[in-house]
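Undergrad: A structural model of the following input is requested.
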Amino acid sequence: IPKARPLNIIIDIIVTISAIAGWLYFKRYYMRDQKTVELTSQLEQEQFKSGVIFESITDGVMIISPEGVVQVINKSCADMLGWDRSEANNLDYRSLFNVEAEADKPNPSDASDAITATVKTGKSVQQISLIQTHHNKHIYVDIVASPVEIETKNGDKIVKKLVGVVAVLRNVDAQKRQEQ
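TA: Next up is the predicted model:
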């Protein structure tokens, strides 16, 4: 039996280790990348579906920060309020419309809006209000404002923090005027 040369043994070991390392690297990163691609594709599909739903809703929808800044507004809402979407984004929602009266409080000085009430109380508020739009049009809208909260753990307590408000505005002008 011929004697193996030490150099050949070392080269064989290095080649074998390199092959195993290459295979493990390929398996680990290629498989992860495939999974990432699949998850990214699923996320993009869900974002597309959400966008289609958001834009297809005939009610106006706004997502507002706790400070009152419009983060997102759908086309129906912008049209109802008489604004271009690009102008309405990043404005304080109170500049988009003025609450003139609540349907059950004809005195304008008693009028408040559902969004402010939701920020103050952290609870969903529904209210029909007479509003003045951007083009000085007066319409009745049913506003439903709901808090968006995150929960964090602080010791043994779970603390809720308001991170925004979702406001849905439905034009109920025809119904309200018919009632009057």
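Undergrad: tell me the centre residue of the chain?
TA: Closest to where the C-alpha atoms of the chain average out (C-alpha atoms, centre = their mean) is Ile63, at 6.7 Å.
Undergrad: okay, the nearest residue to Asp113 once chain neighbours are set aside: pLDDT?
TA: Spatially, and ignoring its direct neighbours in sequence, Asp113 is nearest to Val99 (4.6 Å; C-beta to C-beta, 6 or more residues apart in numbering). The C-beta positions use only the backbone N, C-alpha and C, and glycine is treated the same way. According to the model's per-residue confidence, Val99 sits at a pLDDT of 89.
Undergrad: so what's the model's average confidence on the helix ranked longest in the chain?
TA: Longest helix in the chain, counting residues (DSSP state H): helix 6-56. Average pLDDT, helix 6-56: 77.
Undergrad: ok now the very next helix or strand once past it, how far from the chain's centre?
TA: Read in the C-terminal direction, the helix or strand following helix 6-56 is strand 60-64, with elements assigned using DSSP states H and E. Average the C-alpha atoms of strand 60-64, do the same for its chain, and the two points are 9 Å apart (C-alpha atoms, centre = their mean, to the nearest Å).
Undergrad: return the residues in contact with Gly60.
TA: Residues touching Gly60, when contacts are defined by C-beta atoms under 8 Å, 6 or more residues apart in numbering, comprise 73-74, 76-81, 141, 167-171.
Undergrad: before we move on, back to that, for Gly155, see how far away the residue nearest to Asp113 is.
TA: Separation of Val99 from Gly155 (C-beta to C-beta, to the nearest Å) stands at 40 Å.
Undergrad: who has more neighbours out of the two?
TA: When neighbours are counted by other C-beta atoms under 10 Å, Val99 comes out ahead of the other of Val99 and Gly155, with 20 against 6.
Undergrad: got the buried residues for stretch 165-180?
TA: Neighbour-count burial for stretch 165-180 flags 165-173, 176 (criterion: 16 or more other C-beta atoms under 10 Å).
Undergrad: in JSON lines, list the residues you listed along with pLDDT.
TA: Conversion of the buried residues of stretch 165-180 to JSON lines gives the following (pLDDT from 0 to 100):
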{"residue": "Val165", "pLDDT": "95"}
{"residue": "Val166", "pLDDT": "94"}
{"residue": "Ala167", "pLDDT": "95"}
{"residue": "Val168", "pLDDT": "95"}
{"residue": "Leu169", "pLDDT": "95"}
{"residue": "Arg170", "pLDDT": "95"}
{"residue": "Asn171", "pLDDT": "94"}
{"residue": "Val172", "pLDDT": "94"}
{"residue": "Asp173", "pLDDT": "91"}
{"residue": "Lys176", "pLDDT": "84"}
